[in-house]
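below is the sequence, then the predicted model.
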Amino acid sequence: MNRKSFISSVDWLTIVLYLIMVFFGWVNIYGASYNFEQTSRFDLSNPAGKQFLWMMISFVIAVAILIIDESTYETIAYILYALLIAILIITPLIAKDVKGSYSWISIGPLRIQPAEFAKFVTALALAKWMSRYDFKIETWRDLVVPISLIIAPMLIIMVWQRETGSALVFLAFFIVLYREGMSGYFIASGVALVVLVCLALKFQSAQLPLGVGNWGSISYTIVLLLIVLAIDLLYSKDKRGGLMILITTVLTYATALVVNIWLTVDFSTISLIVIGFAAIILTATAIVDRQNAIWILLVFMIVSTAICEISDNVLQKLPDHQRNRIEVILKIKEDPKGVEYNVIQAKIAIGSGGFKGKGHLKGTQSTLRFVPEQHTDFIFSTIGEEFGFLGTIGVIVAFVGFLLRLIFLAERQKDKFSRVYGYSVASIFFVHFTINIGMVLGFLPVIGIPLPFFSYGGSSLMAFTILLFIFLKLDAARVEKL
Amino acid sequence: MVNEIYYKRRYVISGVVILVATIFCIRLFNLQILDSSTKDKADTNAFLKQTIYPSRGLIYDRNGELLVYNQPVYDITVIIKQMGSRFDTLGFCNAIDISRDDFQKRMLEIRSKKNKGFSIYTPQVFETQLQAEDIAQLQQTLYKYPGVNIRKRTLRNYTYTFGAQVLGSIGEVSQKMIDNDSYYTSGDYIGRDGIERTYEKYLRGEKGVEILLRDSKGIIQGKYEDGANDIEPVSGGNLTLTLDIKLQRVAEELLEGKIGSAVAIEPKTGEILALASSPSWDPRLLVGKSRSKNYTALKNNPDKPLYNRATQATYPPGSTFKTVQALICLQEKAITPNTMYGCQGKNSRPIACTHSHGSPVNLLSALEQSCNPYFWRAYEDLLEKGGYGSQNENFRRNYVRWQTDAKSFGLGQTFKDADLPTQSSGTIPTAEYYDKVYKGKTNWKASTIRSNSIGQGEVLVTPLQLCNIAAIIANEGYYITPHLNKVDSLRQNIHQTNIDKKHFAIVKDGMSRVMTYGTGRYSNIDSLKIGGKTGTAQVKNKGDNALFIGIAPIDDPKIVVAVVVENIGFGATWAAPIASLMIEQYLTDTIRRQELYNQKRYYKK
């Protein structure tokens, strides 16, 4: 290809958004690490100086990626994936303990987090598998292989490297699977399951009167049965099943209440009995109706009941810091000086920025270090304090524009490999954006993952740059493909 | 692309992206625009607002002598977080000369639940009110002790040991005062009594604020915006008092060992030259650490030193009141200067005379000789003028006139426009009072209340009021409210009495004669031209109170004095010499009569 067509075919809008975010991020890294003794923005002894170096390296990498032939990525996808799995497994063996995780390896003066690079490698491998000419997600093989490609690095990072945050990002690939035809029920079931478990945990500690158990099992039972009823009435031809579930549920609870006058009844057990009745009725409906949806519903009901039942035990077995974070976000307990400290301070910093912000380097909370991890995972709080509502909304608008542009670019790809890879890129950025800002604003438990382009960190900036620019290269090359 | 049936799912995915972003925007709108509490929390986080105390105003006497000034003391504070585990406790203890046990005890007290403001990040008071020499060693080696700071404060100190009741003292503000006035916070000092209390707002100045930046570890990182928002403290105003400290000293020394008081006023201005109450104390006792202990001791002292007798104690004025009686009787035309009454000396009825003199006597001689029967008869004529009337209405009218005239001397009431914090009103009884005591309007007559005529009955005055009577005579009819702050505005509080100017000459003449021929003659110095009147008031079951009022020089009064000594004997023997010596001091700036001075000073009752 000639030089002219390359410059005109690359998506400059995405690159401009990328550069704006990276430079604004760099300005805020300097703000977050500024402490009265003003050193230069380029001084390598402060994070902003180092970040500037990382930026330059990333830009070189970006240019290199744009120059390398686009077919290379598809060719080496599986080799890279195999290499990745090997490195991920080796990493903890040579890594040092950094805040409880074993995900950083030192190469001379550099410290690299291989998990960051796992994202684009997995995306490449996934894209390659799903772009096979005979790929059909409806078949078991083409559902299980992609899911395995996703789950393998995720499990290694979560269990072997103990880096839960980075591992959770791999859930982003399910958005890609959904786009490529996986049933929406997988994601819906996942979301419903999370809601049910939250309910079970949240109300575990709220005791029912008369010592007959707690609200936990009742709350999730009722919500679960409502979901079951809704779907059953939607799909089942025979509406009597749903009616019977409703009647048996009400009758069972009513009977239990009456019996409770003489004998103490454990309502947690009663809830299980209610779900048991519902399961029997649902099985009957499924047999009569021959509807797959009802079978899936039955499986979902049984699996979620089992998970909810064991959720509290699992929670108690989690490491302290993770359990505390979950309990705090569910408001089961308060810990303003511990787990909640970070989020409380972040909210104070952001809120005190007001509409216009306090001005660059003038944020008291930032310069006086009230928000730990401020230049990395909590960089959004510095933006909020020093640039105010205008700054935070600006970042969100830029990010949404960036994500929607990526989705648009992915959709305009002529070949499936590029589209799947493009959706992977958009999904990964979206999950980072959601989890990071959701955590800073207190919607989600504290999960330590960076805000792409803004948070300080060489590995993440380089990995995000590679992730993005491979896609931009694929996009730029799409014209020549035909 | 061909057979692409799922392309519509792009809208679902894009919708989720926008939904998440919208939720974030709503939360940010709440947090940054609607919720204002985070701004306060951020300020609390980052700003350490430190009070800068203004220096309290100094107090001078009328001649510019410094009476009250500020003395620096030092508090040691510790920030436990910064002290660390390797803190050199032994060195620190040696530097301020305390034992290790004391150190441990203090640290336990700081950490105890009683210490409500405890935090390991903020300065905690370790030791208070140390003198410069106590902290000298620590100051030099302070860098060795991280977290330890020395904080300077000021306490009051006094040049003289005199004037304790007038000057008053400052002490830590009480919770009640904090609740009433938001200016004060716990640990502040406030004028608790005397001048310090009256002129608190003027003397204290205004506190300043210094806004410091404190990081998340509690370490100070400098001034916020280089102090642009700091508020500079405003120093308190200096106060020049009307007191003459030398005269105050003479008054207090002469009252030593006795119970009583002495007041001197410059009649032309109403300025109080001396205001002494005995027993008194060294004002330095109520400063600093020993304040509460000494205050309790003073409070429990049976002689009640904290009670300012000069303005709070009330006494029957005795014969000194005859001056007032003479003036009222002249004004109400009950007598003329030539009116004569007979006196049977000790055999006089209903009131006996305590002095031996000729009979009959005119007003001048009656004043000179302090003739009791004369003043009773004059009072009787005043009250019974025109008869009693069927329901005593004439008599009552006459009584009310007398009462009103007496009150115009500032008696029976406090000086409302004075700058003295604690005053008693004394008593000039009302007709209604007697109606009540004697159960009916017709049940009391002139003879019933005859003791008033010689200052012995229900009439009660404070030494300050007594001195003010002398000031009225000196000014021939008016007085300026006695005051302590030497400013012109207070000289405008002029009060006219009901007595015409023409009546004063004879009373002044009588007072001169008291000093040359009468009861005051042993305390006289001719050159000072003193006019005076002695009084010896009987006290039930106790010794007589000695009283004296004096004016000098009588033809151009520069000072008036009132002296009251409790339960000691004759006014001529005890009160007159003290007043005379005070006049000598004030007019000649020296005391020639050292023998008399020592004799009166060292007499202990």
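It's in.

list the contacts for the residue in chain A positioned nearest to chain B?
The minimum distance from chain A to chain B, using CB to the nearest CB, falls at A:Gly351 (2.7 Å). Every residue, glycine included, has its C-beta placed from N, CA and C. By CB atoms under 8 Å, 6 or more residues apart in numbering or on different chains, the contact list for A:Gly351 reads A:Gly384, B:Leu31, B:Gln32, B:Asp35, B:Ser37, B:Thr38, B:Lys39, B:Lys41, B:Ala42.

quickly find the element holding the closest residue to it other than its chain neighbours.
Leaving aside its chain neighbours, A:Gly351 sits nearest to B:Thr38 (2.7 Å; criterion: CB to CB, 6 or more residues apart in numbering or on different chains). Using DSSP states H and E, B:Thr38 maps to helix B:37-46.

same check, this time on A:Lys119
Counting by DSSP H and E, the element that carries A:Lys119 is helix A:114-130.

repeat for A:Phe471
Using DSSP H and E, the element containing A:Phe471 is helix A:458-481.

show me what that helix is packed up against.
For helix A:458-481, the contact count by 3 or more CB pairs under 8 Å, 6 or more residues apart in numbering or on different chains; DSSP states H and E identifies helix A:3-9, helix A:12-33, helix A:47-67, helix A:71-94, strand A:110-112, helix A:114-130, helix A:379-411, helix A:416-440 as packing neighbours.

CA atoms only for that helix - export them in CSV, please.
C-alpha atoms of helix A:458-481 as CSV (Å, rounded to 0.1, in the frame of the first residue of the first chain):
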residue,chain,number,x,y,z
GLY,A,458,3.3,2.1,31.6
SER,A,459,2.0,-1.5,31.1
SER,A,460,-1.6,-0.4,30.9
LEU,A,461,-1.0,2.5,28.6
MET,A,462,1.1,0.4,26.2
ALA,A,463,-1.3,-2.5,26.4
PHE,A,464,-4.3,-0.2,25.6
THR,A,465,-2.4,1.5,22.8
ILE,A,466,-1.5,-1.9,21.2
LEU,A,467,-5.1,-3.1,21.7
LEU,A,468,-6.5,0.0,20.0
PHE,A,469,-4.0,0.5,17.2
ILE,A,470,-4.2,-3.1,16.0
PHE,A,471,-7.9,-2.4,15.4
LEU,A,472,-7.2,0.9,13.8
LYS,A,473,-4.7,-0.9,11.5
LEU,A,474,-7.3,-3.5,10.7
ASP,A,475,-9.8,-0.8,10.0
ALA,A,476,-7.5,1.2,7.8
ALA,A,477,-6.7,-1.9,5.8
ARG,A,478,-10.4,-2.9,5.2
VAL,A,479,-10.5,-1.0,2.0
GLU,A,480,-7.7,-3.0,0.4
LYS,A,481,-9.3,-6.2,1.4
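
what residues of it count as buried?
A:458-478 (16 or more other CB atoms under 10 Å in any protein chain shown).

likewise stretch A:182-189?
A:Met182, A:Ser183, A:Ile187, A:Ser189.

where does the stretch 401-550 of chain B dip in pLDDT?
In the prediction, the stretch 401-550 of chain B carries no residues with pLDDT under 70.

restricted to strands, list the buried residues of stretch A:182-189.
Judged by DSSP state E, the subset of those located in strands is empty.

what is the nearest of the residues you listed to B:Ile494?
Comparing the buried residues of stretch A:182-189 against B:Ile494 with CB to CB places A:Ile187 closest, at 95.6 Å.

so how far is A:Ile137 from that closest one?
13 Å (CB to CB, to the nearest Å).

go on, A:Leu406?
For A:Leu406, the distance to A:Ile137 equals 22 Å [CB to CB].

tell me the first helix or strand C-terminal of the helix or strand hosting the residue of chain A closest to chain B.
Using DSSP H and E, A:Gly351 sits in helix A:339-353. Once helix A:339-353 ends, the next helix or strand along the chain (criterion: DSSP H and E) is helix A:364-367.

is that following helix positioned near chain B?
Yes - using CB under 8 Å from any CB of the partner chain, helix A:364-367 comes into contact with chain B via A:Thr364, A:Gln365, A:Thr367.

mind listing what the second one touches?
A:Gln365 sits next to A:Gln345, A:Ile348, A:Ala349, A:Ser352, A:Val371, A:Ser381, A:Glu385, B:Ala42, B:Asn45, B:Ala46 when contact means CB under 8 Å, 6+ apart.

quick one on the thing from earlier: of A:Leu406 and A:Ile137, who's got more company?
Neighbours were tallied for A:Leu406 and for A:Ile137 using other CB atoms under 10 Å in any protein chain shown; the higher tally belongs to A:Leu406 (27 against 16).
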